[in-house]
Structures are given as C-alpha cells and as structure tokens.
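In: Please find the sequence and the predicted model below.
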Amino acid sequence: MNIYKHSLELSKRFPSFVRRTPLEFNKKLSERFGASIWLKREDLQSVRSYKIRGAYARMSELSEAEKINGVVCASAGNHAQGVALCCKEMKVKGIIFMPETTPKQKIEMVRSFGEDYVEIALYGDNFDACSKRAMAVCKDKNATFIPPFDDAHVIAGQGTVGIEILEDIEQEIDLLLVPVGGGGLAAGLSSVFNVQSPNTKIIGIEPTGAPSMQKALEHGSPVILDHIDTFVDGASVKRVGELNFQICKDKITRMQLVDEGKICGTILNQYNQAGMVLEPAGALTIAALDLIPESEIKGKNVVCVVSGGNNDITRTDEIRERSMLYDGLKHYFLIRFPQRPGALKEFVSDVMGPTDDIVYFQFSSKIGRESGPAVVGVEVAKSEDIQSVKQKLNEKGFSFEYLEPTSLLFQQLIG
C-alpha cells in the first residue's frame, strides 16, 4: 500500500464525525522561542484525539461479513474512543479492551461514544498485557482486530493529520514535532511529509519513562522494554510497531525525550495561560520546545502536533505534584525527631525559612526509643531554597535522609 496516497484519499472522504481540526498560530510560544509556532489541535477532534482517524481508516475496510462478526480493539484510552464512536456510527458491535490502570474519564468516554454498540473489558496493568488478551478473545470470537498503530490502514488514517497541516499553512515548515507512542502517528506523518515536504525535519517526542522508539532506533529494530512509566498513558508502550519502525527509521530526524514532570508543568501552564485542556501525551510536543537547541528552532517555522485532550480532572493533584518535584519546588525528607516536647517546634522555627511550608507530615512514635521517624514534605518558593533547609538540618543536628523521587523508599512512603 502507498500510505501517502491512501492518506490523501482518506482525507477527502472522511465522514462528518471525523473532524478537520484547526492549525493555530500560537503567539505566546512564538514570542517565547523566537520562532513561528503553530499547534495542530487534535485535542479538538470529535473524540479529543487523532486516534479516530486511524480507527475509521481500518474499519472502513471491513467487509459486510466482518461487520456482522464485530470488532475487538485494545487501547490505553484514545484508540478505544475512536473505535467506539466508529462502532456506533457504522452500526458495528465491538469489544473494547483497556488496561485496568486507564483513567476513569477515558473509560466513561468510551462508554458514552459507543453506547449500546460496545462492551468494555478491563484487563492488565498496561497496554501490552491488555493487547495480548484482546487478541486471544478476538480469535475465539472470529472478530476483526482493529490495531491501534501497527497497521498500514491505521497509519494512513493518522497521516491525514499531515495532509491537513500542509493544506492549511502557506509557509515552508522547518520543524515538525510529533508525539510517539506506538509510532502510528509518526509513521503516517513521515509518509506524508516525505512526499510533500521532504526538507522538513521531523523530531519524535517520547516521555522519558517509555522511550520505545528511541531504543528501537538505537538497536536497529523494535525492542521490548523491561519497564515503562505509564503516566503518559497515550504514549507509553513497551514496543513500537514493526511497520511503524520501518517507516520512521529513515524519515525521523531524531528522537527527544521529555521528563514526565516537565510534561505536567506544561499541562498546568497551557491550562492557566491558554485555557487548553491537554492530556499528558497531548502536551508532549509543547513540553519539548525548550529542549530543542536554539539553532534548530530560532527564526524557524515550527508545527507541534497536540495529539489529545482526554485528561481526567481527578489526576490534577498528581500532575501538580510531579510538576513541582521536577521544578525543585517540593521535596521530601525522612527525619528522626527526638521524642520529647518541643522537637517539632524547633524544626519549624530553626530549620524552615520564612517562605518555606510543610505540606506533608507523617510521624511514627516509637515506644522506648529516643527518636521516631517522620516523613516530611517541604514546599519552597524557589528551587535553590532547599539547600538552606538541608544546611540547617545538619547544623541543628537532625538525622535525616533526602528522599529522591526515583528511589524505592520514596515510592513506598509517598508514591
């Protein structure tokens, strides 16, 4: 299949429930980075992500017999919503498998989009486990599996994002930033830009905790990661698609990893400053902007694909926590307090600065011992202020351990 030609053809026959999303010039980001920056707003898609494009592209190929037997898919959320809406609009029954860790908001949206045409099945802790189960059920029921990314039709569907970008912009695009999970969007965009805008540099953006494409490019073929951080659920898979990798390996200029904490800060900033509700995967490309060398971005025409806006408001506290930890504004200590009256008061008056705040305190009294451990969370006004706290802890003779967010002890006590 010629993916570019299929993308072009699909873009002309999408039904009304697959929207043409806007390409918006962003004045604030452009001024900040000294560039002309546009955002492709797939968060404004009918299911609030680009995934419906690939879902429709694949389901539009179903035969009448396949429609009767129904479909099965596995997804961390966004692909599920796309398949669900397609099932309802195309009158096809579907079983939607999602990891048990999927945010409740995405589960409810799948149910809303699919209505009586879909059945939701929660299985496993991540996409990969969920996908294996879905494939087995699909075989048992003689249904058609609708893959989330490793399929030529799906890739062509995602490629329509690129068709629209190039139709809606007059300038030559110097740099295209693309979020990467399984690689379907990156493969589709690469296929389109390779034909219509071959001089555009394409940078794939992945979360630090799930560098599947980066590792595949380093290894020369897709590899299975031992462990991934699933916080960026829309872009966290243990292994990229084989076809996607084959397309991307020669077309993507390079990969860029972004820390999950930085992604969280971007989510908060875009909501506060621009009123944009972004999910973690949707914020990837904007978060990556200040990680791109100035020589690559200043004075250039840059397009960031904003891939989705399915964020669960119940995750706000976690998003704020991760952002503050990344920015060095929140810190945790394991401190041994003398078990006598006034010990905590001395800590507050002698260690804490005028703009420091205790935001977490958990103390365990130990009978018959001179001291007891307490986990203390400290919030500071500026990242450098934490050095004064550490210095005063030493000066006042407090026995303490600084809890690194990546440590097992932190995960046990706080995470």
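Out: Looks like it came in fine.

In: Which positions within stretch 277-295 qualify as buried?
Out: Of the residues in stretch 277-295, 277-289, 292 count as buried by neighbour count, 16 or more other Cβ atoms under 10 Å. All C-beta atoms are positioned from the backbone trio N, CA, C, and that covers glycine.

In: got the residues you listed as JSON lines, with pLDDT columns?
Out: As requested, the buried residues of stretch 277-295 are exported to JSON lines (pLDDT from 0 to 100):
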{"residue": "Val277", "pLDDT": "94"}
{"residue": "Leu278", "pLDDT": "96"}
{"residue": "Glu279", "pLDDT": "94"}
{"residue": "Pro280", "pLDDT": "95"}
{"residue": "Ala281", "pLDDT": "95"}
{"residue": "Gly282", "pLDDT": "96"}
{"residue": "Ala283", "pLDDT": "97"}
{"residue": "Leu284", "pLDDT": "98"}
{"residue": "Thr285", "pLDDT": "98"}
{"residue": "Ile286", "pLDDT": "98"}
{"residue": "Ala287", "pLDDT": "98"}
{"residue": "Ala288", "pLDDT": "98"}
{"residue": "Leu289", "pLDDT": "98"}
{"residue": "Ile292", "pLDDT": "96"}
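
In: Ser46 - how many residues pack around it?
Out: Using other Cβ atoms under 10 Å, Ser46 is surrounded by 16 other residues.

In: Name the SS class of it, please.
Out: coil (DSSP: H, G, I helix; E, B strand; the rest coil).

In: Could you check the pLDDT of it?
Out: Ser46 carries a pLDDT value of 95.

In: pretty sure it contacts Arg19?
Out: Yes: if you go by Cβ atoms under 8 Å, Ser46 and Arg19 touch, sitting 5.1 Å apart.

In: give me the number of residues near Leu39?
Out: Quick note: Leu39 (other Cβ under 10 Å) scores 24 neighbours.

In: buried sites along the helix or strand where it lies?
Out: Applying DSSP states H and E as the criterion places Leu39 in strand 36-41. By neighbour count on 16+ other Cβ under 10 Å, the buried set for strand 36-41 is Ser36, Ile37, Trp38, Leu39, Lys40, Arg41.

In: just those residues now: which is nearest Tyr4?
Out: Lys40 (17.8 Å; Cβ to Cβ).

In: I'd like the distance between the closest one and Asn301.
Out: As judged by Cβ to Cβ, to the nearest Å, Lys40 and Asn301 stand 13 Å apart.

In: Closest one of the buried residues of stretch 277-295 to Ala84?
Out: Taking Cβ to Cβ as the measure, Ala84 lies nearest Glu279 of the buried residues of stretch 277-295, at 16.8 Å.

In: Could you look up the SS state of the closest one?
Out: Per three-state DSSP, Glu279 ends up coil.

In: doesn't Gly308 make contact with it?
Out: Yes: assessed by Cβ under 8 Å, Glu279 is found in contact with Gly308 at 4.9 Å.

In: what do those two both touch?
Out: Common contacts of Glu279 and Gly308, defined by Cβ atoms under 8 Å, 6 or more residues apart in numbering, comprise Asp43, Ser49, Gly234.

In: In strands, which of those fall?
Out: The strands, defined by DSSP state E, take in nothing from the shared contacts of Glu279 and Gly308.
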